[in-house]
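In: predicted model and sequence below, questions to follow.
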Amino acid sequence: DTGVSQNPRHKITKRGQNVTFRCDPISEHNRLYWYRQTLGQGPEFLTYFQNEAQLEKSRLLSDRFSAERPKGSFSTLEIQRTEQGDSAMYLCASSRVDGGAETQYFGPGTRLLVL
Amino acid sequence: AQSVTQLDSQVPVFEEAPVELRCNYSSSVSVYLFWYVQYPNQGLQLLLKYLSGSTLVESINGFEAEFNKSQTSFHLRKPSVHISDTAEYFCAVSESGSGGSNYKLTFGKGTLLTVNP
């Protein structure tokens, strides 16, 4: 069990550019979540996958955001035409539902700065 | 919809003193409760959780939290803190239920615990 990994750890980009983040969950975890954390706030839910299916998206996830989880393994989060307001820490978590309950395990996050 | 309130944004304490970080939640359904800890520039680490059973839950590093349904609280306590406990602590809730539920977490804004020598 190597834990949840995220790449890159840091990303600096110019406004208007596209960025893509990757999350590798704990193996055999069938659920994968994306959260966004801005300075001084707790993480906020963006979207989640059960296996390869994206089952819910938050209103925070504008049409510039897209997430995928091909084959139910790793996931990518893409932001198109980045804006300064997209600057935040993007956190990925994975979990396995066990007996009607689950615990989410978080990766180290990707910190995005949009100039 | 659920919400979490962490009443203190910052809690400074001296080493070896006791500490309590307060968490209250609001939900129309049954919930699971969690405390996560975040060290600078790192992701969140699970500290402890309440899913069911005993309302008092403990972590391996001396923290404990008690689920109080009537007061809708899940306060975190430690009888004697160390400098290494300095970090931000987040309380979170998710909806409990069947395996088909979305267990997305709703977080509070966090409490920065600073332990001074």
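Out: Ah, there it is. Everything numeric here is computed off the predicted structure, so don't read it as measured data.
In: go ahead and confirm residue A:104 touches residue A:97.
Out: No. The pair residue A:104 / residue A:97 is not scored as a contact, 10.8 Å apart, by C-beta atoms under 8 Å. Every residue, glycine included, has its C-beta placed from N, CA and C.
In: touching both of those two, which residues are there?
Out: Common contacts of residue A:104 and residue A:97, defined by C-beta atoms under 8 Å, 6 or more residues apart in numbering or on different chains, comprise A:31, B:103.
In: these two: which has the busier surroundings?
Out: Set residue A:104 next to residue A:97 and count neighbours by other C-beta atoms under 10 Å in any protein chain shown: residue A:104 wins out with 27 against 17.
In: state the distance from the more buried one to residue B:84.
Out: Distance from residue A:104 to residue B:84, counting by C-beta to C-beta, to the nearest Å: 24 Å.
In: just the buried residues of stretch A:41-60, please?
Out: Across stretch A:41-60, burial judged by 16 or more other C-beta atoms under 10 Å in any protein chain shown covers A:42, A:43, A:44, A:45, A:46, A:47, A:48, A:49, A:50, A:54, A:57, A:58.
In: ok, now which ones touch the nearest residue to the second one once chain neighbours are set aside?
Out: So that's residue A:43. Once flanking residues are discounted, residue A:43 sits nearest to residue A:35: 3.8 Å by C-beta to C-beta, 6 or more residues apart in numbering or on different chains. Residues near residue A:35 by C-beta under 8 Å, 6+ apart: A:43, A:44, A:45, A:46, A:90, A:91, A:92, A:93, B:105.
In: same question for residue B:107.
Out: Counting by C-beta under 8 Å, 6+ apart, residue B:107 makes contact with A:42, A:43, A:44, B:4, B:36, B:90, B:91, B:92.
In: quick check, the fourth one in contact with residue B:111.
Out: Right, the one you point to is residue B:4. No. Counting by C-beta under 8 Å, residue B:4 stays clear of residue B:111, with 11.3 Å between them.
In: helix or strand for the one residue sitting closest to the centre of chain A, which one?
Out: Residue closest to the mean C-alpha point of chain A, counted by C-alpha atoms, centre = their mean, is residue A:34 at 3.1 Å. Take DSSP states H and E as the rule and residue A:34 turns out to sit in strand A:31-37.
In: just the C-alpha atoms of that strand, please, in CSV.
Out: Only the C-alpha atoms of strand A:31-37 are listed here, as CSV (Å, rounded to 0.1, in the frame of the first residue of the first chain):
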residue,chain,number,x,y,z
ARG,A,31,-13.9,5.3,-5.3
LEU,A,32,-11.9,8.4,-6.2
TYR,A,33,-12.7,12.0,-5.1
TRP,A,34,-11.4,15.4,-6.1
TYR,A,35,-11.5,18.3,-3.8
ARG,A,36,-10.3,21.9,-4.0
GLN,A,37,-8.8,23.8,-1.1
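In: that strand pairs with which strands, parallel or anti?
Out: Strands that pair with strand A:31-37, judged by DSSP bridges, come out as strand A:44-50 (antiparallel), strand A:88-95 (antiparallel).
In: can you redo those as CSV with distance to residue A:10?
Out: Below are those laid out as CSV (distance: least, C-beta to C-beta, whole Å):
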stretch, distance to residue A:10
strand A:44-50, 19
strand A:88-95, 10
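In: dump those strands to JSON lines, plus mean pLDDT.
Out: Formatted as JSON lines, the strands paired with strand A:31-37 follow (pLDDT from 0 to 100):
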{"stretch": "strand A:44-50", "mean pLDDT": "94"}
{"stretch": "strand A:88-95", "mean pLDDT": "95"}
